[in-house]
Every structure is written in structure tokens, then in C-alpha cells.
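Chemist: quick one: sequence plus predicted model below, questions after.
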Amino acid sequence: MHNFLDEMEAIVPALRRYARALTRNADRADDLVQDCLERAIRKQSLWRPTGSLQSWLFRMLLNIYRNDLRQVRRRGDQVPIETMLVEPAVAPAQHGRIALAEMARAIDTLPGDQREALLLVVLEGQSYSQAADILEIPMGTLMSRLGRARAALRSLTGAGDEPRLRTVK
Amino acid sequence: MTSAEFSIGEDALLAYADGQLEGEQKLAVERYLAANPDKAAEVAHWQRQNEAMTALYAGTAKEPLPSRLKPHRIAHDLARQRRDRYQFAAAAAVLIIIGGTIGWFGRDAVSPVEAQSELLIDNAVVAHNLFVKEKRHAVEVAAAEEQHLVSWLSARIDTPIDAPDLSAEGFTLVGGRLLPAGAYLKTGPAAQLMYENASAERVTLYITSALPDKKEVWSFETRGDVEAYYWANNTVTCTVVGDVTEDELRKLGKKVFEQLTWRPDSAWERG
């Protein structure tokens, strides 16, 4: 029990980070993580110690996230608009960097499945096979989602082939 | 271009950008990118995408955990909720049992035994007033069938009774009937025996099984036009009702008491 909880605690920061990137809302993200942890603790007996606890938790988090999204879509989003649009406080873009606010918006416009896959790999540093396992999709599907996400982000962040030439004032 | 470079497709470039490649594979992609500047630019852009995403969100993982996201705390809360639910259910069950028990054993407290004698007297008087006026239907079973009458009523009130002989006081048995127990009575149904004297004055006995407390109680009451003499002991309750003098009723009561309880020596005059 305590090993399980300790192991879980070590994963919570990553779950939070992923949830924050998915929802772009700190409170909603923490609600999501809390739901996930409660469910995981209740369903503890269903977790097979042979599998990866991290994959199990991420899968659970994604399921809750998707269910929430479905509900939000059904009843209309109840999150106040101003909290939705909060941009992370970040340094202005420098030469050769992608403007972060622009990037955040671009990620938002990605289809859900691409966003989930991309953030899992880039932000969470999951290997392709781990990511495919968490998302319960074949590797080929994962690669095509990543490829499409990359192309979309590239066009959305307005970067040509020479991003170093962009100037952001 | 070497043949190896031809096998490097977008998946390999993505994997390179995402840091998923090692050793030979990584070197092969680097060689390929050195020879293909436009692909190198694309990969570089992907890497800047990664930098941006990391800059946007990586900091979250370094924030201190709020207590609501600490698994030990959550597990503790869940366990307490479960325990509270059990305790609540258990407490509710105990309260229901206590309530039921108080309700059952406390029913004497809610409707005191004193009131029981009052109810019996009320019932006896109401039944007396109703039936003494009847000529043809004064009784259900007439005195001609006395044996049948007493065995039937004894069975129905669950108490062996005889029809007391009041001929010494000038009263003869007319007959009797069975009456329902009142709604708030703790006795069974009642037997009513009716007597009549030469002047067509009628007296009724209202007899039931004993009350749960089985206490000996005597009581003389006047209700409207009639006198009622009530007594109870560990076998029966009996209310003698008649439009007669108190003195007469006391004498009748004594006879009834002696014969119904088969205790001619008992302390009748206590009332």
C-alpha cells in the first residue's frame, strides 16, 4: 500500500504537467489529477504490478479528461472565458524561438488525439512505444498523429523554413 | 547519398527530433541531415516546437504538490469516508433499533395503564347504554343457552369465565354478547353479560382478559346517568355498569368479583 502510494506520488508532478498542458487551466488540471488519483487508489486492486504504474495512471487521466470533455461539449463549457484564455507568463520570443503564446494557442487548435500524442512524447518524454501503449493505439497511428501535429504546428506558428529570420517585436 | 540515407523517412526524423534515437541510428540521421539542409531545417523547427512546449509547461512539474494531490492524503481521506459511511449506517441502524425498542417497551408510558382502566370503563358504559335499551336484541346469545354462552365467550376473550349468579340480589341473566376491543386497548375483545331484575332494571358486566400489568385495581365512577364499578386483577378486568344506587352496585360488584375470580375470601372491600 505504501509502496504503491509512494510510487504514485513520484508520478504526480508529471500527471499535473500533462493535465495542465491538456487543459491549459491550472484548477481544472488539478481537479483532473485528483480525480485520477482517487480513482486509481480505489481501483488499486486492478493494477497489475507487472505493468507500468505510470502508463496506467496516464491512461486513467486521459479517460477522465476525455469523459469530461464529452460532458462539457454536451452541456456547454461552464468554465469562465477569462480563465480559459490565461496565457502562461513567459518571456517574449527571441530570435529563433517560437513565440510561446502563439505556440500555446496553436496546441489548442490541434485535434484532441494529436494533442494528446504530441504532449505525451514531447512534454512527458515518453518513448513512442510507451505513448502508443498509454493511448492504446498502434505505433503507426501514433507516428501519423505526431507527423500531422508537427505539420499543423509549423503552419500555425507561422514559421517558414528559416524561423531564425523571423523577428518578433 | 549512400543507400542508408534512402531508408531514412519522416518517422526517423521525428524520432530524432524527439530524442528517441540512440547510437547508430542517431548518427545515421545526423549524417542524413548534414546532407539535406531543408530536412535539417524542418527537424530544427520541430525541436524548437519542443522547446516551446517545454518552456510552456515543464515548470508545472516543479511546483510543490498541493495536499489534495498527495496520494497518502487522498488514500487517508477515502478510508475515512468509507469508515464514516459505515459508522453512519451503523449509527442509523442503532438509532432505528433503539427507537423501535423504546417505542415497543415504552408503549405503556405513552398510553399509561391508568388510561386503560378509563378506556375500559368508557367502553363498558357505552356498550351498556347501547344495549340496555334493546328489547328483542339486547343480547346475542340468550340465557337459555348459558353453557354455550360462557364457553363461547371464555374462548373468545381467552379467559375462563362463568356467568355469576346474582339471583340473591334479584338479578337474573338475560344473556351476553361479544364486543370488539377498543382501538387503544391492550386487552382482547370483551364479553358483555346482561342481567335484569323484576323492575326491568338492567345491569351489565363488561369482562376482558387481564391488562399487561396484571395489577389489582378498584374504581367506582359515575358516568352520566349510570354508575360503573371497575376492578382488575391478574386474570380479568370487569366493569359492572347499572342505573342503580352506589350501594346496590357495590353489593353486585362484590358478588361478581367473588364468582369471577373464585376467591370468595379476597379483599373485596378495599374498593
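Modeler: Good, I have the coordinates. Numbering: from 1, shown residues only, chains lettered A, B, ... in the order given.
Chemist: residue B:195 in helix, strand or coil?
Modeler: Under DSSP: H, G, I helix; E, B strand; the rest coil, residue B:195 falls in the strand class.
Chemist: what's the local residue count around it?
Modeler: Using other CB atoms under 10 Å in any protein chain shown, residue B:195 has 27 other residues around it. Using the backbone N, CA and C atoms, a C-beta is placed for each residue, glycine as well.
Chemist: then residue B:260?
Modeler: Count around residue B:260 with other CB under 10 Å applied: 21.
Chemist: so which strand or helix has it?
Modeler: Here residue B:260 sits within helix B:246-261, counting by DSSP states H and E.
Chemist: quick one: low-confidence parts of chain A?
Modeler: By pLDDT under 70, the weakly predicted segments of chain A are A:1-2, A:49-50, A:75-97, A:158-169.
Chemist: contacts for the helix holding residue B:260 next, please.
Modeler: For helix B:246-261, the external contacting residues (CB atoms under 8 Å, 6 or more residues apart in numbering or on different chains) are B:161-162, B:164-166, B:168-169, B:171, B:203, B:205, B:207, B:220, B:227, B:229, B:231, B:233, B:235-236, B:238, B:240, B:242, B:244, B:264, B:266, B:268-269, B:271.
Chemist: what residues sit buried inside it?
Modeler: Buried residues in helix B:246-261, counted by 16 or more other CB atoms under 10 Å in any protein chain shown: B:248-250, B:252-257, B:259-261.
Chemist: returning to that earlier point: now which of the contacts of helix B:246-261 would you call buried?
Modeler: B:161, B:164, B:166, B:169, B:171, B:203, B:205, B:207, B:220, B:227, B:229, B:231, B:233, B:235-236, B:238, B:240, B:242, B:244, B:268, B:271.
Chemist: out of these, which are inside strands?
Modeler: Of those, the ones assigned to strands by DSSP state E are B:203, B:205, B:207, B:220, B:227, B:229, B:231, B:236, B:238, B:240, B:242.
Chemist: for these, which one is nearest residue A:31?
Modeler: residue B:236 (74.4 Å; CB to CB).
Chemist: so the closest one bridges to which residues?
Modeler: The partner list for residue B:236 in beta bridges (DSSP bridges) reads residue B:209.
Chemist: return the residues in contact with it.
Modeler: Taking CB under 8 Å, 6+ apart as the contact definition, residue B:236 lies against B:159, B:161, B:207-210, B:260-261.
Chemist: and these as a markdown table, adding pLDDT and distance to residue B:103?
Modeler: Formatted as a markdown table, the contacts of residue B:236 follow (pLDDT from 0 to 100; distance: CB to CB, whole Å):
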| residue | pLDDT | distance to residue B:103 |
| --- | --- | --- |
| B:159 | 87 | 28 |
| B:161 | 88 | 33 |
| B:207 | 94 | 30 |
| B:208 | 93 | 24 |
| B:209 | 91 | 23 |
| B:210 | 89 | 23 |
| B:260 | 83 | 34 |
| B:261 | 76 | 34 |
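Chemist: going by distance to residue B:94, which of those wins?
Modeler: residue B:210 (34.5 Å).
Chemist: enumerate every residue touching residue A:47.
Modeler: With contact taken as CB under 8 Å, 6+ apart, residue A:47 is in contact with A:4, A:40, A:53, A:56.
Chemist: and for residue A:108?
Modeler: A:24, A:115.
Chemist: just checking, residue A:132 touches residue A:144?
Modeler: No: counting by CB atoms under 8 Å, residue A:132 does not reach residue A:144; the two are 11.5 Å apart.
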